[in-house]
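Q: Build the 3D model from these lines:
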Amino acid sequence: MDVLYSLVSVLLPVYNGEATVREAIESVLAQDYPNFEFIIVDNASTDGTAGIIREYISDRRIRLLRNETTLPRLDNFVKSFNSAADESRWLKFVGDDDRLLPTCLTDMVSAGEKSSRTGLITSYYYDGDRLVTGVLPEDSEVFQGPQLLRRLLLEPETRSVVFSPASLMVSHRAYLEMRGFRTDLLHADSELFYRILNSYDLAFVHKALTITGYHSGSGQAGSTARGFTFKEAYLIRYHNLKRYDNVVLSPLEREKVKNNLVTDSTGFMLTRLAAGDFRAALKHLSSIPPNAIYHLPLSIFYFAILAVKKLMRRDPIRILKSKQNVHHSGGGNSYSKR
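A: Numbers count the residues shown, from 1 in each chain. Okay, the predicted model is just below:
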């Protein structure tokens with residue numbers, strides 16, 4: 001199949017995106033790919049979003065859906081994905097504060113259609129003005145899904161490669177086969193993408209194709225600050241292990257998965273304690289599975305050693321990692337926008 005004739009559905013769920021949605025729309029319309037539909041789902045915005053969108057609806061590629069009342073964020077997100085044309089081969093999410101670079105769709109589809117087993121496509125991306133390249137070898141474009149999923153479970157640094165929502169394209173077939181997103185999770189995108197990798201391959205483009213709109217006021221930042229990122233990581237990377245039937249982990253590797261998760265939780269709880277928020281720390285403690293709690297002393301010792309080293313170097317002590325690492329600690333969060 002000629003890649004130029006594979007239909008791509010670009011999906012933009014938006015709520016009160018007046019400040020950013022224009023640039024997002026124009027970045028999609030500027031794509032050099034000739035065959036895409038652009039579905040915008042306005043979640044009953046109350047600011048100037050609707051007026052901005054109307055300026056562009058004469059473009060035949062745009063299909064506008066406007067909700068009469070504001071839906072919950074996840075429901076609006078799912079609605080945008082479920083509105084894709086039946087014949088669409090690929091689904092590309094873009095948030096109202098994200099940007100697609102001009103060759104994004106062309107390069108992603110070209111990479112994705114090199115294998116009939118591709119379920120996800122991703123690339124380098126910009127987090128603001130910072131280029132995120134990750135750790136996947138540059139001499140390969142297609143990676144076996146179960147092998148990559150194994151790395152995602154065991155190696156925290158690998159997750160920063162795959163899970164920025166704006167940098168991902170999804171196979172429509174894989175999306176339907178996996179029955180889409182759960183609507184009870186803030187990080188439903190990560191949960192779905194892990195399941196897809198259990199059965200499908202990932203194509204990777206070694207160039208920047210998107211700019212993610214993560215910022216201190218985004219839903220992802222709020223999710224991290226409230227601990228949802230770390231809480232849901234237990235479901236995605238531990239409780240779901242039995243669903244990843246194409247990934248084989250040894251008993252020691254399963255312990256490593258649990259230790260990584262508990263270490264993330266410990267960092268969050270220490271941060272909340274340092275801020276005087278004892279209730280949040282104790283509440284999150286209950287999120288740690290009973291059969292993983294014995295990793296907690298070792299995790300506390302790990303942070304104590306880090307603190308001593310920083311004090312010896314007279315460096316400032318930051319319990320959680322820098323923004324870019326926190327952003328990926330439990331997977332992407334596409335739900336910062338209604």
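
Q: tell me the domain boundaries of this structure?
A: 3-216, 222-327 (automatic domain parsing).

Q: Determine which stretch of those domains is the most buried.
A: A comparison of these by mean neighbour count, using mean count of other C-beta atoms under 10 Å, puts domain 3-216 on top with a mean of 19. From N, CA and C alone the C-beta is placed, and that goes for glycine too.

Q: Just give me how far that domain sits from the chain centre.
A: 9 Å (C-alpha atoms, centre = their mean, to the nearest Å).

Q: The nearest residue to Asp96 once chain neighbours are set aside in helix, strand or coil?
A: Closest residue to Asp96 in three dimensions, ignoring its sequence neighbours and counting by C-beta to C-beta, 6 or more residues apart in numbering: Gly17, at 3.2 Å. Following DSSP: H, G, I helix; E, B strand; the rest coil, the label given to Gly17 is coil.

Q: could I get the domains of the chain as CSV with mean pLDDT?
A: Formatted as CSV, the domains of the chain follow (pLDDT from 0 to 100):
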stretch, mean pLDDT
domain 3-216, 93
domain 222-327, 86
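
Q: The residue nearest to Asp96 and Asp98 touch, don't they?
A: No - taking contacts as C-beta atoms under 8 Å, Gly17 lies outside contact range of Asp98: 10.5 Å.

Q: Secondary structure element for the nearest residue to Asn291 once chain neighbours are set aside, which one?
A: Counting by C-beta to C-beta, 6+ apart, Asn291 lies nearest to Lys258, which is 7.8 Å off, once chain neighbours are set aside. Here Lys258 sits within helix 251-274, counting by DSSP states H and E.

Q: Output that helix in CSV with nothing but the alpha carbons.
A: C-alpha atoms of helix 251-274 as CSV (Å, rounded to 0.1, in the frame of the first residue of the first chain):
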residue,chain,number,x,y,z
PRO,A,251,11.4,-13.5,39.7
LEU,A,252,14.3,-11.1,40.3
GLU,A,253,13.1,-8.9,37.4
ARG,A,254,9.6,-8.8,39.0
GLU,A,255,11.2,-7.6,42.2
LYS,A,256,13.0,-4.9,40.2
VAL,A,257,9.7,-3.7,38.8
LYS,A,258,8.3,-3.5,42.3
ASN,A,259,11.4,-1.8,43.6
ASN,A,260,11.3,0.9,40.9
LEU,A,261,7.7,1.6,41.6
VAL,A,262,8.2,1.9,45.4
THR,A,263,11.2,4.1,44.8
ASP,A,264,9.1,6.5,42.8
SER,A,265,6.4,6.4,45.5
THR,A,266,9.1,7.1,48.2
GLY,A,267,10.3,10.2,46.3
PHE,A,268,6.7,11.5,46.1
MET,A,269,6.0,10.8,49.8
LEU,A,270,9.2,12.5,50.9
THR,A,271,8.4,15.5,48.8
ARG,A,272,4.9,15.8,50.3
LEU,A,273,6.4,15.4,53.8
ALA,A,274,9.0,18.1,53.1
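
Q: How about residues contacting that helix?
A: With contact meaning C-beta atoms under 8 Å, 6 or more residues apart in numbering, helix 251-274 is reached by 153-154, 156, 227, 230, 233-234, 237-238, 241, 249, 278, 280-281, 284-285, 287-289, 291-293, 295-296, 298-300, 302-303, 319-321, 329-330.

Q: roughly how far out does the helix or strand just after that helix sit from the chain middle?
A: Downstream of helix 251-274, the first helix or strand assigned by DSSP H and E is helix 278-285. Distance of helix 278-285 from the chain centroid (C-alpha atoms, centre = their mean) equals 25 Å.

Q: what sits up against helix 278-285?
A: 226-227, 230-231, 265, 268-270, 272-273.

Q: Widest-spaced pair of the residues you listed?
A: Lys231 and Leu273 (16.8 Å; C-beta to C-beta).

Q: Convert the host helix or strand of Val308 to PDB, retaining C-alpha atoms only.
A: Using DSSP H and E, Val308 sits within helix 296-313. Output of helix 296-313 as PDB, limited to C-alpha atoms (Å, rounded to 0.1, in the frame of the first residue of the first chain):
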ATOM      1  CA  LEU A 296      10.200   0.800  51.200                       C
ATOM      2  CA  PRO A 297      13.200   0.700  53.700                       C
ATOM      3  CA  LEU A 298      15.600   0.200  50.800                       C
ATOM      4  CA  SER A 299      14.100   3.000  48.900                       C
ATOM      5  CA  ILE A 300      14.300   5.400  51.900                       C
ATOM      6  CA  PHE A 301      17.900   4.400  52.300                       C
ATOM      7  CA  TYR A 302      18.500   5.100  48.600                       C
ATOM      8  CA  PHE A 303      17.200   8.700  49.000                       C
ATOM      9  CA  ALA A 304      19.200   9.100  52.200                       C
ATOM     10  CA  ILE A 305      22.400   8.200  50.300                       C
ATOM     11  CA  LEU A 306      21.600  10.700  47.600                       C
ATOM     12  CA  ALA A 307      21.000  13.400  50.100                       C
ATOM     13  CA  VAL A 308      24.300  12.800  51.800                       C
ATOM     14  CA  LYS A 309      26.100  12.900  48.500                       C
ATOM     15  CA  LYS A 310      24.400  16.200  47.600                       C
ATOM     16  CA  LEU A 311      25.300  17.700  50.900                       C
ATOM     17  CA  MET A 312      28.900  16.700  50.500                       C
ATOM     18  CA  ARG A 313      28.900  18.400  47.100                       C
END
